[in-house]
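Asks: A predicted structure for the sequence below; I have some questions about it.
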Amino acid sequence: MPVSPQPLGNPFENLAVIAGALFLLFVVAVVISIQRRETTKENYRSALARYRNDPTDQGLRQVALEAGRQYSQSTRNSYGNAYFDEAAIRNDLDVIAEAAPIKAEPLKTTIEGRLQTLEGLFTKGFITEDEYQIRRSAILDDV
């Protein structure tokens, strides 16, 4: 006995099921996109915090730069425009680098260190020979 095809039912019901499934897929895609954006944002903030703790470490700067680029990519809209772009990342990194304390060489407070510093000033022409001799005598008088 031949099998007759079953009726598909009301075409509007089928269309409603398809539309519902498409809407559900859209919602899931949006939720995944938001979660990705939040994860990359947190990764970027964490990388910035590590770089802020040691702003002289160029490796940490590179890690923060890459994390920033991933965050920027996650903020792009359908037109390719990013909410958070390369300039914003560079600004964040530059602010941290500029706030880094400058490490000065410790002053040489020993007699030998003071004499070496004085000799360096004389050799480079910053002081005359008379000034050199006067200061040298003063340093040696402190002994």
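Replies: Now that the structure is in, tell me what you want to look at.
Asks: Apart from its neighbours in sequence, what residue is nearest the spatially most central residue of the chain?
Replies: Among the residues of the chain, the one closest to the centroid is residue 64, at 3.0 Å (Cα atoms, centre = their mean). Spatially, and ignoring its direct neighbours in sequence, residue 64 is nearest to residue 47 (3.9 Å; Cβ to Cβ, 6 or more residues apart in numbering). (Each C-beta comes from the backbone N, C-alpha and C, glycine too.)
Asks: Now do the SS call for the one you found.
Replies: Recorded secondary structure, residue 47: helix (DSSP: H, G, I helix; E, B strand; the rest coil).
Asks: host element of the residue nearest to the centre of the chain?
Replies: Under the criterion of DSSP states H and E, residue 64 resides in helix 58-74.
Asks: Who are the packing partners of that helix?
Replies: For helix 58-74, the packing partners by 3 or more Cβ pairs under 8 Å, 6 or more residues apart in numbering; DSSP states H and E come out as helix 11-53, helix 86-98.
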